[in-house]
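Novice: Next comes the sequence, and after it the predicted model I'd like to discuss.
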Amino acid sequence: MTFRIDVLTIFPEYLAPLGQSLLGKAAAKGLVSVGVHDLRQWTDDVHRTVDDSPYGGGPGMVMRPEPWGRGLEAVRPPGTRLVVPTPAGRPFTQAVAAQWATEPGLVFACGRYEGIDQRVADWAAEGGPVSEVSIGDYVLAGGESAVLVMVEAVTRLLPGVVGNAESVEFDSHADGLLEGPSYTRPATWRGHEVPPVLLSGDHAAIARWRRAQSLRRTADRRPDLLTGLPDGALTAADRAA
Ligand code: SAM
């Protein structure tokens, strides 16, 4: 099955990286297909206008609904999730990425200015799920870079996209924790040693050490993740570590 991604934007060139690297290879293998669409093709005036001043007053401009309505009718397969990036959205997390990766595809609507007229998301919900999501607590100038982030996070979870499926399984956030530190050759570099247990060949000891490092790093950098774990996720050994 090919995972289908459609992106509507007024800056199609911004999405050029979707043809690169991991995603480019996944597309070449037929695992993913990507369509990037210029929203302005669905405008109906000579200036190809996509924005207007906000009702109720206030600064900035809002994206008008009409081009979005026509564009979504043209590219969104019935029932496909529409993703609307917005700093006012629910958080985009690894769990969200994992859920979306089980679906047949996604359509993304890249906002600019003060965002898209709210009626677009409200109307689009009549045709399938709509997710208004934020990639973090900061404000970007447009949705394009957020889409690049989300597409990469979702597509690397599709079967066959990442060569070694285990590497996805052990990543940070896969089990709710951060991954601990990684090392490679040489064993000594500029006076810094690789932790000796990693050179011991004792796989059980290495697994215990990695788990302890993962817990310690999570407690240090993201204590909120530990408090959010489901009951029973931490063993007695974990608590002792
Ligand atoms: N007025 C909006 C607000 O305060 O919620 C901010 C609009 S922002 C300047 C323009 C566009 O950038 C948004 O419509 C959205 O597409 C994108 N954007 C900005 N920050 C984002 C974030 N943290 N996550 C996802 N998308 C974001």
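Specialist: Yep, that arrived. Everything numeric here is computed off the predicted structure, so don't read it as measured data.
Novice: show me what contacts Tyr14?
Specialist: Taking CB atoms under 8 Å, 6 or more residues apart in numbering as the criterion, Tyr14 is in contact with 142, 144-145. The C-beta positions use only the backbone N, C-alpha and C, and glycine is treated the same way.
Novice: and Gly115, how many neighbours?
Specialist: By other CB atoms under 10 Å, the residues close to Gly115 number 22.
Novice: roughly how far apart are the closest residue to it other than its chain neighbours and Val32?
Specialist: Nearest non-adjacent residue to Gly115, counting by CB to CB, 6 or more residues apart in numbering: Thr86, 5.9 Å away. Using CB to CB, to the nearest Å, Thr86 is found at 24 Å from Val32.
Novice: Between those two, point out the one with more neighbours.
Specialist: Between Thr86 and Val32, counted using other CB under 10 Å, Val32 has the larger neighbour count: 24 against 19.
Novice: so that one makes contact with Leu158?
Specialist: Yes: at 6.8 Å, Val32 counts as touching Leu158 under the criterion of CB atoms under 8 Å.
Novice: okay, and the common contacts of these two?
Specialist: Contacts common to Val32 and Leu158, judged by CB under 8 Å, 6+ apart, are 3, 26.
Novice: Please name the residues that touch Thr93.
Specialist: Thr93 touches His173, counting by CB under 8 Å, 6+ apart.
Novice: So what's the residue count around Val107?
Specialist: What Val107 shows, counting by other CB under 10 Å, is a neighbour count of 25.
Novice: Among the contacts of Tyr14, which one lies nearest to Val75?
Specialist: Taking CB to CB as the measure, Glu144 is the one of those closest to Val75, at 16.3 Å.
Novice: pLDDT score assigned to the closest one?
Specialist: Looking at Glu144, its pLDDT stands at 98.
Novice: What of the one 5 residues further on?
Specialist: According to the model's per-residue confidence, Val149 sits at a pLDDT of 98.
Novice: now swap in the one 3 residues further on and tell me
Specialist: At Glu152 the predicted local distance difference test score is 97.
Novice: that's a helix at it, yeah?
Specialist: Yes: assessed by DSSP: H, G, I helix; E, B strand; the rest coil, Glu152 belongs to a helix.
Novice: The closest residue to it other than its chain neighbours in helix, strand or coil?
Specialist: Once flanking residues are discounted, Glu152 sits nearest to Leu23: 6.8 Å by CB to CB, 6+ apart. At Leu23 the chain is in helix, as set by three-state DSSP.
Novice: Leu23 and Arg156, how far apart?
Specialist: Going from Leu23 to Arg156 by CB to CB gives 9 Å.
Novice: Repeat that for Gly176.
Specialist: For Gly176, the distance to Arg156 equals 18 Å [CB to CB].
Novice: Could you list the contact residues of this structure toward the ligand?
Specialist: Within the chain, the residues that sit near the ligand (CB under 6 Å from any ligand atom) are 85-88, 110-112, 114-115, 134-136, 138-143, 146.
Novice: Pull out the buried residues from the residues you listed.
Specialist: Neighbour-count burial (16 or more other CB atoms under 10 Å) is assigned, among the residues of the chain next to the ligand, to 85-87, 110-112, 115, 134-135, 140, 142-143, 146.
Novice: Among those, name the ones in strands.
Specialist: Cross-referencing those against strands under DSSP state E gives 85-87, 134.
Novice: ok, so of those, who is nearest Arg208?
Specialist: Closest approach to Arg208 among these (CB to CB): Ser134, at 36.6 Å.
Novice: pLDDT of stretch 214-233, averaged?
Specialist: Rounded mean pLDDT across stretch 214-233 is 94.
Novice: Check what contacts it and list those residues.
Specialist: For stretch 214-233, the external contacting residues (CB under 8 Å, 6+ apart) are 175-181, 234, 238, 241.
Novice: and the residues you listed as TSV, adding secondary structure and neighbour count?
Specialist: Output for the contacts of stretch 214-233, formatted as TSV (DSSP: H, G, I helix; E, B strand; the rest coil; neighbours: other CB atoms under 10 Å):
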residue	secondary structure	neighbour count
Asp175	coil	15
Gly176	coil	17
Leu177	coil	22
Leu178	coil	20
Glu179	coil	16
Gly180	coil	18
Pro181	coil	11
Leu234	coil	15
Asp238	helix	15
Ala241	coil	16
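Novice: Alright, that wraps it up for me.
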